[in-house]
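J.: Generate a structure from the sequence data that follows.
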Amino acid sequence: DYINDLGVRTIWLSPMFESPMADFGYDISNYTNIAPIFGTFADFDEMLAAIHARGMQLLLDFVPNHTSDKHKWFVESRHNRTNNKRDWYVWADGSPSGGPPNNWQSVFGGSAWEYDNTTDQYYLHQFTKEQPDLNFRNLATREEMNGVLRFWLQRGVDGFRMDAVAHLLEDEELRNETCVVDGVVSTDCSDWGTMNHTRTYAQVGFLDIMREYREVLDSTEFYNASHPRFMVGEMYDNLDAIVKLYGNATSPICQFPFNFLLIGLQRVDWTGSNLASTIAQWLDATTADQWPNWVLGNHDNHRVASRLGPALARTANFLLLTLPGTPTTYYGEEIGMENGEVSWNQTVDPNALNTNNINKSRDPERTPMQWNSSMNAGFTAPGVETWLPVGSSYVGTNVADQLLSNTSMLQLYTRLVRIRSEQPALQHANYRLVQSTASLLAYAREYNGTSASSTASAATTSTTYNQYLVILNFGSVALMDAAIYGPALSAYRPVGTVVLSASLTAAGNATLNLSCVAIAPGEAYLVRLAPMS
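T.: All right, here's what the predicted structure looks like:
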């Protein structure tokens with residue numbers, strides 16, 4: 001009910017499959033079973049039915065690149081060199097000079113190869129050694145994974161978030177990768193971050209595997225024109241590579257690949273001019289039929305309020321929810337949750353443990369949801385030890401308290417989503433830059449199509465307007481006389497109506513002179529424009 005009340009329409013659920021939990025469930029030992037710590041199939045079916053009853057959709061986190069080393073496929077694969085699952089994984093002899101087959105490194109530190117004494121070969125693991133890579137050059141492996149999708153689609157899920165898809169294929173010849181150490185190109189590499197991943201990342205053919213997944217979703221068994229199943233791809237790369245995950249009109253792949261441009265920005269990069277450029281990068285790299293999307297936070301990056309500060313986190317949410325396309329919100333960002341405090345002794349993230357570097361830990365952004373100000377933040381009963389410590393900010397930053405505050409981040413988030421859901425201009429993929437400076441960003445959201453009236457089943461009704469202006473101040477000082485009005489807005493009257501402000505202090509329907517705008521630092525306005533005629 002809470003998620004539905006936010007106005008969110010789709011939930012992406014992190015892996016809940018059977019797993020030894022060496023990497024938060026991304027090490028799967030059975031793709032068609034649920035880990036007992038999360039519940040049963042009856043629990044899942046009840047949850048899915050409740051989600052659908054509220055008009056929402058559910059995405060599961062599909063992890064195709066690797067399994068757990070406890071998966072029955074891998075247990076059989078490592079039994080001997082002749083079993084029929086041997087080629088389901090990537091096995092290779094060691095180097096003639098001793099050691100692993102090549103210099104490939106794991107994302108989580110150390111060699112990407114682990115020696116198996118039973119069969120005197122190495123297996124590939126691009127993440128932890130407990131996560132052996134599947135061999136997607138084996139057609140039987142590919143079909144088995146297609147079958148996993150069918151299993152969950154038959155159960156009623158609406159789609160999938162596809163994890164780490166650029167890792168699916170590797171160089172068949174197992175050639176070394178190069179890296180740059182102190183400015184010098186070398187093959188003596190020991191850090192995944194310094195390597196040029198020309199042999200292990202985004203290899204020719206991985207898009208074909210992704211197309212197979214889309215074909216499963218679009219097959220006659222599951223296709224419904226009014227309710228298409230969909231998938232979202234995760235890939236960190238340059239834009240030209242990422243947008244290929246859209247596919248094309250005749251051979252589609254993802255409905256969209258995640259856009260991580262905003263996540264990649266540091267605090268110093270959050271200026272009006274730089275954000276205008278960042279937005280343009282994505283929109284210029286995509287075509288009109290490629291639906292945009294924006295991601296501010298996720299489970300692999302520090303929380304927005306910790307990266308930008310609590311005040312600017314409000315402005316960032318205002319930006320996210322007024323840009324064209326689909327916004328993605330990580331749990332807790334709607335209340336401005338900050339990173340939790342996780343000591344080295346409490347750290348469980350293999351990315352930190354394997355590299356002996358707490359700065360690489362993703363645990364701080366994964367601490368429990370903060371529901372109220374009681375012990376354990378209402379996540380579980382007082383006295384129960386949570387899987388990660390509850391963040392200390394829960395006393396002031398929690399759902400219960402923010403529901404009672406008229407100016408809280410939660411109230412802002414909910415109102416933004418509600419307005420977005422009611423106004424066609426904020427739903428369609430239109431965007432026009434009006435002005436950008438070091439502090440200021442202003443853009444128009446316009447829609448000239450026919451607006452549908454509110455449905456009879458809607459909880460509230462509203463009048464729809466087709467032209468909006470968004471003004472955001474990312475600077476540290478107030479702007480007293482910003483001249484927003486000019487040729488870019490010549491089709492509109494120089495006075496607009498403030499529908500919503502980031503501070504939630506501006507009076508609703510207050511008029512705003514666009515020729516001389518006063519806007520506080522961190523403030524943002526959603527302004528309804530009035531056409532000249």
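
J.: shaky segments in the stretch 351-500 of the chain?
T.: Applying pLDDT under 70 to the stretch 351-500 of the chain flags residues 450-462.

J.: ranges for the strands of it?
T.: 432-436, 440-446, 467-473, 479-482, 495-501 (DSSP state E, counting those that start in this stretch).

J.: swap in the stretch 51-200 of the chain?
T.: 57-62, 91-92, 113-116, 121-124, 159-162, 178-181, 184-186, 195-196.

J.: Direction included, what does the last one pair against?
T.: Each strand that strand 195-196 pairs with, and the sense of that pairing, follows from DSSP bridges: strand 178-181 (antiparallel).

J.: got the contact list for the strand it pairs with?
T.: Strand 178-181 is contacted from outside by 185-189, 191, 194-196, 198, using CB atoms under 8 Å, 6 or more residues apart in numbering. All C-beta spots, glycine's among them, are computed from the backbone N, C-alpha and C.

J.: how about it: buried residues?
T.: Neighbour-count burial for strand 178-181, counted by 16 or more other CB atoms under 10 Å, picks out 178-179.

J.: sorry, back to before: could the strands of the stretch 51-200 of the chain go into TSV alongside distance to residue 387 and mean pLDDT?
T.: Shown next, in TSV, are these (distance: least, CB to CB, whole Å; pLDDT from 0 to 100):
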stretch	distance to residue 387	mean pLDDT
strand 57-62	17	98
strand 91-92	34	98
strand 113-116	26	98
strand 121-124	29	98
strand 159-162	21	98
strand 178-181	35	88
strand 184-186	40	85
strand 195-196	32	93
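
J.: Name the stretch among the strands of the stretch 351-500 of the chain that sits most buried.
T.: Comparing those by mean neighbour count (mean count of other CB atoms under 10 Å), strand 467-473 comes out on top with a mean of 25.

J.: got the angle between it and strand 432-436?
T.: On the basis of axes from the mean of the first three to the mean of the last three CA atoms, to 10 degrees, strand 467-473 is oriented at 30 degrees to strand 432-436.

J.: Pipe the strands of the stretch 351-500 of the chain into TSV and attach distance to residue 122 per row.
T.: Listed next are the strands of the stretch 351-500 of the chain as TSV, based on distance: least, CB to CB, whole Å:
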stretch	distance to residue 122
strand 432-436	52
strand 440-446	51
strand 467-473	52
strand 479-482	60
strand 495-501	57
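
J.: Could you point out which of those strands sits nearest residue 212?
T.: Closest to residue 212 of those is strand 440-446 (CB to CB; 36.8 Å).

J.: how distant is the closest one from the center of its chain?
T.: In terms of CA atoms, centre = their mean, to the nearest Å, the centre of strand 440-446 is found 24 Å from the chain centre.

J.: what does stretch 314-331 give?
T.: With CA atoms, centre = their mean, you get 12 Å for stretch 314-331.

J.: Now that stretch: average pLDDT?
T.: In this model, stretch 314-331 has an average pLDDT of 98.

J.: need the contact list for residue 295.
T.: Shown in contact with residue 295 (CB under 8 Å, 6+ apart): 258-260, 262-263, 327-328.

J.: Need the residues that contact stretch 480-491.
T.: Against stretch 480-491 from outside (CB under 8 Å, 6+ apart): 432-435, 440, 442, 444, 469, 471, 494, 514-519, 529, 531-532.

J.: Report the buried residues of stretch 225-236.
T.: Buried, per 16+ other CB under 10 Å, within stretch 225-236: 229-235.

J.: now do stretch 137-149
T.: Buried residues in stretch 137-149, counted by 16+ other CB under 10 Å: 137-138, 141-142, 145-146, 148-149.

J.: Could you export those residues as JSON lines, including distance to residue 13?
T.: Formatted as JSON lines, the buried residues of stretch 137-149 follow (distance: CB to CB, whole Å):
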{"residue": "137", "distance to residue 13": "30"}
{"residue": "138", "distance to residue 13": "29"}
{"residue": "141", "distance to residue 13": "25"}
{"residue": "142", "distance to residue 13": "24"}
{"residue": "145", "distance to residue 13": "19"}
{"residue": "146", "distance to residue 13": "21"}
{"residue": "148", "distance to residue 13": "15"}
{"residue": "149", "distance to residue 13": "15"}
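
J.: With pLDDT and distance to residue 489 added, can I get the residues you listed in CSV?
T.: Listed next are those as CSV, based on pLDDT from 0 to 100; distance: CB to CB, whole Å:
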residue, pLDDT, distance to residue 489
137, 98, 56
138, 98, 58
141, 98, 56
142, 98, 53
145, 98, 51
146, 98, 51
148, 98, 51
149, 98, 48
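
J.: hmm, which two among those are most spread apart?
T.: For the buried residues of stretch 137-149, and using CB to CB, no pair is farther apart than 137 and 149, which are 19.2 Å apart.

J.: And the helices in the stretch 101-250 of the chain?
T.: 139-155, 206-218, 239-242 (DSSP state H, counting those that start in this stretch).

J.: ok, and what's touching the shortest one?
T.: By that I understand helix 239-242. Here helix 239-242 has contacts from 166, 202, 235, 257, 259, 281-282, 285, using CB under 8 Å, 6+ apart.

J.: Also the longest one?
T.: By CB under 8 Å, 6+ apart, the list of residues contacting helix 139-155 from outside reads 31-32, 44-45, 48, 60, 62, 64, 87-88, 134-136, 160, 209, 212-213, 216-217, 221-222, 229.

J.: hmm, which of the residues you listed are the buried ones?
T.: 31, 44, 48, 60, 62, 64, 88, 134-136, 160, 209, 212-213, 216-217, 222, 229.

J.: Determine the three-state secondary structure at residue 5.
T.: Here residue 5 is helix, with the state taken from DSSP: H, G, I helix; E, B strand; the rest coil.

J.: For the closest residue to it other than its chain neighbours, the count of nearby residues, please.
T.: Leaving aside its sequence neighbours, residue 5 sits nearest to residue 414 (CB to CB, 6 or more residues apart in numbering; 7.2 Å). Residue 414 is flanked by 18 other residues according to other CB atoms under 10 Å.
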